[in-house]
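# predicted model and sequence below, questions to follow.
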Amino acid sequence: MYFSLYFSSIFLNNFPEMCYNKFGSGRFEKSDLIKVKKVDFLEGLIHSIETFGTVDGPGTRYVVFVKGCPMRCQYCHNPDTWETVGATRMTPEQILDDYERYKEFYHGGGITVTGGEPLVQIDFLIELFELAKTRDIHTCLDTSGIMFRRNNPELLAKYDRLMKSTDLIMLDIKHIDPEEHKKLTAQPIDNILDFLSYLDEKEKTIWIRHVLVPGITLIPEYLERLGYYIGQFKHIKALDVLPYHSMGKTKYEQLGIDYVLKDVPEATKEQAIEARGIIIEAMKKRRHDMGE
């Protein structure tokens, strides 16, 4: 096992019954997502593409930012990806043909799909990753796992299919405490932790990402709880502790959204290194308690 430290920049039929609107306070029903539900997901709803990503998986990568997300993370620096309005439609073929233009730069890299939440568009994601594997391209999924539903056989079959063409999953765990998670993201944590269990059962390579927010996640008790919890999983191969930054504040102003964390100081590199150490020590303790 190795751990890395990066500093950087969610089956509509199973969309959470209630999601928070873009202002993070009111709610909207499934009926408000009708425009999304009518989209042919063989065309992805794309926000933007970065052709030279260095913090979104191993090596230099082609990073696809998709639109649509039920999470309302208070520190999200891409609130313009929450809704699907204004998306550019692209087919898997178009995306990978564009990838080929830059492939000579992607030594040790590949393609990463992030967002937004990529699993909102699971059918498109399956097509994209399966096509990518026919071209021998390393595939990485950056997700919150919020869309995972184990109790739906049809949906679970889609996840099983997707996993066959996914090389790496970077899983964002926003907060380990259920109540604090809901406050921070406007969504429960249950499906996310179940998705982590599913990935470990599938023996998929997992990188955990955790954003360090002073006064919210930068609390030793929560860091220890996070480490002790994830220490039980054998296929976690990296841990990225990302210091909270406020670079997305301007986007909130432009979108007319209140930036809830405006008075929260940014986390430092030194704090992230220390927090990562706390998490790793708790992981070791869990493994010791498991007899490993």
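That came through fine. Being a predicted model, the structure only gives us computed values, none of them experimental. Numbers count the residues shown, from 1 in each chain.
# all strands for the stretch 1-150 of the chain, in order.
19-20, 27-28, 44-53, 61-66, 88-90, 110-114, 139-143 (DSSP state E, counting those that start in this stretch).
# can you list those in a markdown table and add mean pLDDT, distance to residue 96 and mean neighbour count?
All C-beta spots, glycine's among them, are computed from the backbone N, C-alpha and C. Formatted as a markdown table, those follow (pLDDT from 0 to 100; distance: least, C-beta to C-beta, whole Å; neighbours: other C-beta atoms under 10 Å):
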| stretch | mean pLDDT | distance to residue 96 | mean neighbour count |
| --- | --- | --- | --- |
| strand 19-20 | 32 | 31 | 20 |
| strand 27-28 | 32 | 34 | 12 |
| strand 44-53 | 97 | 11 | 19 |
| strand 61-66 | 98 | 9 | 25 |
| strand 88-90 | 97 | 10 | 15 |
| strand 110-114 | 98 | 8 | 25 |
| strand 139-143 | 98 | 11 | 25 |
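# hey, what's the residue positioned nearest the centre of the chain bridged with?
Centroid-nearest residue in the chain, with C-alpha atoms, centre = their mean: residue 143, separated by 2.4 Å. Applying DSSP bridges to residue 143 yields these beta-bridge partners: residue 171.
# that one against residue 119, yeah?
Yes. Look at residue 143 against residue 119 with C-beta atoms under 8 Å: they come within range, at 5.6 Å.
# rewinding a little: ok, the residue nearest to the centre of the chain - contacts?
Residues counted as contacts of residue 143 (C-beta atoms under 8 Å, 6 or more residues apart in numbering) are 10, 114, 117-119, 169-172, 195.
# before we move on, what about residue 92?
Applying C-beta under 8 Å, 6+ apart to residue 92 gives the contacts 42, 44, 124, 127-128, 131-132.
# make it 7 Å
Taking C-beta atoms under 7 Å, 6 or more residues apart in numbering, we find residue 92 in contact with 127-128, 131.
# same check on residue 203?
By C-beta under 7 Å, 6+ apart, the contact set of residue 203 is residue 235.
# and it, what pLDDT?
Note for residue 203: predicted pLDDT of 98.
# burial count for residue 108?
Counted with other C-beta atoms under 10 Å, residues neighbouring residue 108 total 10.
# okay, the closest residue to it other than its chain neighbours and residue 120: tell me how far apart.
Nearest residue to residue 108, sequence neighbours excluded (C-beta to C-beta, 6 or more residues apart in numbering): residue 59, at 3.3 Å. According to C-beta to C-beta, to the nearest Å, residue 59 and residue 120 sit 26 Å apart.
# ok, residue 174 next?
On the measure of C-beta to C-beta, residue 174 and residue 120 end up 17 Å apart.
# same thing with residue 82?
Residue 82 sits at a distance of 10 Å from residue 120 (criterion: C-beta to C-beta).
# next: residue 48.
16 Å.
# still on that earlier bit, of the contacts of residue 143, just say which sits nearest to residue 216.
Checking these against residue 216 by C-beta to C-beta gives residue 172 as the nearest, at 14.5 Å.
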